[in-house]
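Chemist: Below: sequence and its predicted model.
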Amino acid sequence: MLVIKKKIFPLILFIGLVSTIIGCKTLLAPEYDKAIVETVTSTSEKTMSFLAKVSEGTSKSNFSEREKEYNDLIGAYDALKIKAKARPIPKNTATKKINELLETRGNSLSEDYPSAFAFEEISKTLKKMKETDNESGLKPTAVEAFKGQIETFLDQALTYESFLKR
């Protein structure tokens, strides 16, 4: 009987430990936030529409007609950055895996808050675009360059936020 107890005890201990571990909820990444995804989706649509509108280039003389759209878009991405950073983020392999996925696409994010970093970069790009538009207008090639940079960061943000929906 003592021999059976010695053989069964480690098995019972192992099963108990596994049960305890399975019952624990570990935060591997920030919580998925549907509101952030919905906002970035609608804001990205507005951004792409705005970029299409100015794709043929702009003139400094009518910058005031576009200034409100710039401000609205910049404000929206700044607000998204704040919302994304409001979530706690753990240090673990899940966030590392997300960056590995992005690196395979030619992108990577080194910040603790990948989508917040991307939103900040989009905002900076729009600010630079606005400044250039105000000072001298935009040539079609400049619009394409700004658009390419915005698309890269939108891809990063959407990839990260979509990954969180698990």
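Modeler: Perfect, thanks for sending it.
Chemist: Do a quick rundown of the helices in this structure.
Modeler: 2-23, 34-53, 64-85, 93-104, 114-136, 140-164 (DSSP state H).
Chemist: now, of those helices, which is deepest in the fold?
Modeler: Greatest average neighbour count among the helices of the chain goes to helix 114-136 (a mean of 21), per mean count of other Cβ atoms under 10 Å. To be clear about C-beta, it is placed using only N, CA and C from the backbone, and glycine gets the same treatment.
Chemist: what's the average pLDDT for it?
Modeler: For helix 114-136, mean pLDDT rounds to 96.
Chemist: Contacts for that helix next, please.
Modeler: With Cβ atoms under 8 Å, 6 or more residues apart in numbering as the test, helix 114-136 has contacts from 36, 40, 47, 54, 58, 60, 63, 66-67, 70, 73-74, 77-78, 80-82, 84-85, 95, 98-99, 102, 109-111, 138, 142-143, 146, 149-150, 153-154, 156-157, 160-161.
Chemist: Quick one: residues contacting the residue nearest to residue 139 when sequence neighbours are not counted.
Modeler: Setting aside the residues directly before and after it, residue 139 is nearest to residue 57 in space (Cβ to Cβ, 6 or more residues apart in numbering), at 5.2 Å. With contact taken as Cβ under 8 Å, 6+ apart, residue 57 is in contact with 137-140, 142-143.
Chemist: Any regions of the protein where pLDDT drops low?
Modeler: Residue ranges of the chain with pLDDT under 70: 1-32, 89-99, 101-102, 105-112, 166.
Chemist: hmm, 50 instead?
Modeler: Applying pLDDT under 50 to the chain flags residues 1-2, 11, 13, 17-28.
Chemist: next one: phi and psi at the residue nearest to residue 139?
Modeler: Main-chain torsions, residue 57, degrees, to the nearest 10: phi 100, psi 170.
Chemist: Distance check, it against residue 142.
Modeler: Going from residue 57 to residue 142 by Cβ to Cβ, to the nearest Å gives 8 Å.
Chemist: repeat for residue 66
Modeler: 14 Å.
Chemist: same check, this time on residue 76
Modeler: Going from residue 76 to residue 142 by Cβ to Cβ gives 22 Å.
Chemist: Name the nearest residue to residue 78, sequence neighbours excluded.
Modeler: residue 123 (5.3 Å).
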